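Novice: turn this into a model:
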Amino acid sequence: MIKNVIFLLFFIFFTSCKDNSQNYNKQYLNSLIEVNTHEDSLINVLIEPYKTSIESEMNEIISFTKSDLKKNKPVGNLGNFVTDLCLSYAEADICLMNNGGLRSSINKGNITVGMIYELMPFENELVIVELSKTDFFEMLLHIIEKGGEPISGVKVVATNNKILDYKPKFNFENKQKIKILTSDYLADKKEFFKNKEQIKIGIKLRDAIIKYCKNNDTIFSKVDDRIKIIDNEK
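Specialist: All right, here's what the predicted structure looks like:
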């Protein structure tokens with residue numbers, strides 16, 4: 001609605017300027033400045049209610065955390081928080097995200113809607129991609145080579161870019177395909193996801209985080225050993 005109002009306002013403005021400029025060349029600049037000033041005031045008046053509404057929405061307190069939530073490698077409590085909560089929205093085996101997509105930390109204290117927008121400013125959607133076991137191990141190796149990425153649903157121990165052990169939280173042996181929950185951005189980008197169907201679950205990553213926070217008044221997330229990289233170098 002606001003875009004339509006502003007468009008109409010600019011249309012009136014430019015129509016008025018065109019009429020004024022036909023007769024008084026010397027007065028054109030002064031008239032334009034005066035009209036612009038008046039126009040800016042009108043736009044500010046129109047925008048102010050929307051600005052106030054947006055600020056009110058962004059400042060809404062939706063949850064609380066007793067500790068700072070930060071991304072880290074190989075494991076960070078922010079990545080654990082995001083991937084763990086995402087799994088509650090889909091029938092998937094594993095959730096994989098990337099640290100680069102988490103744009104800010106969440107400081108201890110109240111969590112607002114605006115803080116989640118800072119954390120996840122993109123319009124990424126959650127999707128499920130089914131991987132063969134070969135592609136699944138390729139994904140795990142990619143995570144290890146990166147020094148760790150946010151993941152939920154499996155524990156991995158590795159050294160020198162080699163997997164020593166892995167413990168899925170699902171029945172791995174009886175599965176032909178592993179269902180990976182991720183963002184449509186990663187599904188488009190990562191090689192092990194290429195040329196595979198993306199099943200949309202109908203919610204954006206940011207909205208999933210906001211919804212989870214609204215349903216949980218206190219957030220608990222800690223650093224654990226879901227990814228353990230052993231340094232054998234002496």
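
Novice: and the spatially most central residue of the chain, how far from Leu126?
Specialist: For the chain, the residue sitting closest to the mean C-alpha position, by CA atoms, centre = their mean, is Met120 at 2.9 Å. Going from Met120 to Leu126 by CB to CB, to the nearest Å gives 11 Å. (Each C-beta comes from the backbone N, C-alpha and C, glycine too.)

Novice: mutual contacts of those two, please.
Specialist: In terms of CB atoms under 8 Å, 6 or more residues apart in numbering, Met120 and Leu126 are both contacted by the residues Leu205.

Novice: just give the number of residues close to Cys213.
Specialist: 24 (other CB atoms under 10 Å).

Novice: wait, it sits on Leu119?
Specialist: No: in this structure Cys213 lies outside contact range of Leu119 using CB atoms under 8 Å: 10.6 Å.

Novice: just the CA atoms of stretch 164-183, as CSV, please.
Specialist: Provided in CSV are the C-alpha atoms of stretch 164-183 (Å, rounded to 0.1, in the frame of the first residue of the first chain):
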residue,chain,number,x,y,z
LEU,A,164,37.3,-41.8,12.2
ASP,A,165,33.8,-42.4,13.5
TYR,A,166,30.2,-41.2,13.0
LYS,A,167,27.1,-41.8,15.0
PRO,A,168,23.8,-40.8,13.4
LYS,A,169,20.8,-40.3,15.6
PHE,A,170,18.7,-42.3,13.2
ASN,A,171,18.8,-45.9,11.9
PHE,A,172,21.5,-45.5,9.2
GLU,A,173,21.8,-49.1,8.2
ASN,A,174,18.1,-49.4,7.2
LYS,A,175,18.0,-46.3,5.1
GLN,A,176,18.5,-46.1,1.4
LYS,A,177,18.3,-42.3,1.3
ILE,A,178,19.3,-39.8,4.0
LYS,A,179,16.9,-36.8,4.3
ILE,A,180,18.9,-33.6,4.8
LEU,A,181,17.1,-30.5,5.9
THR,A,182,18.9,-27.3,4.7
SER,A,183,18.4,-23.9,3.1
